[in-house]
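1. Here is my input, please return the structure:
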Amino acid sequence: GAMIIYGGFSHECDDYCDDMWSFDLETYTWTELFPIRSSIDTSISTPGKRWKFRLIGDIYDSITSQPILVLFGGHRLWKMGLEDHYNSSEADSGYLDDLWIYSEDSGDITGYTWKKKRKKESCKSDP
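-> Numbers count the residues shown, from 1 in each chain. Okay, here's the model as predicted:
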């Protein structure tokens, strides 16, 4: 098994980090999955720098039956003058209500990618 850690604080980040690490519970070793500041590269889609979010694992995609991670919400600081360094997922500041899925993607070099889920405009009415 493994434990996944996303973001957090570090002396290597301007505010919050956007890196992701896996800790192998059998070998006690760390593996970097996404480097710090990966959101500066606009070709990489990530949830971006944030804190107070929820990350849920040990669930499976209903179509592919592959394991996935789900990240929801959190809080982001906005730094004036740095907006050009953030991808579109970092345009918002303050409390967030976005949903991201980390899952297998055979078309990606790492074999996994983050994908932002679209919001629904309205809820379904009661039957």
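2. what about the closest residue in space to Arg54 that isn't next to it in sequence, which helix or strand?
-> Closest residue in space to Arg54, ignoring its immediate chain neighbours: Phe72 at 4.9 Å, by C-beta to C-beta, 6 or more residues apart in numbering. Just so you know, the C-beta spots here come from the backbone N, C-alpha and C atoms, and that holds for glycine as well. Using DSSP states H and E, Phe72 sits in strand 67-76.
3. So for that strand, what gets flagged as buried?
-> In terms of neighbour count (16 or more other C-beta atoms under 10 Å), strand 67-76 has its buried residues at Ile68, Leu69, Leu71, Gly74, Arg76.
4. Dump these into a markdown table; add distance to Thr31 and pLDDT as well.
-> Putting the buried residues of strand 67-76 into a markdown table (distance: C-beta to C-beta, whole Å; pLDDT from 0 to 100) gives the following:
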| residue | distance to Thr31 | pLDDT |
| --- | --- | --- |
| Ile68 | 18 | 85 |
| Leu69 | 15 | 90 |
| Leu71 | 19 | 94 |
| Gly74 | 23 | 89 |
| Arg76 | 26 | 81 |
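5. Give me the residue at the spatial middle of the chain.
-> Pro47 (3.8 Å; C-alpha atoms, centre = their mean).
6. my read: that residue touches Asp18, true?
-> Yes - counting by C-beta atoms under 8 Å, Asp18 is a contact partner of Pro47 at 7.3 Å.
7. Identify the contacts common to these two.
-> Tyr6 (C-beta atoms under 8 Å, 6 or more residues apart in numbering).
8. coming back round to it: now name the helix or strand holding the residue nearest to the centre of the chain.
-> Under the criterion DSSP H and E, no helix or strand holds Pro47.
9. Fine by me, we can end here.
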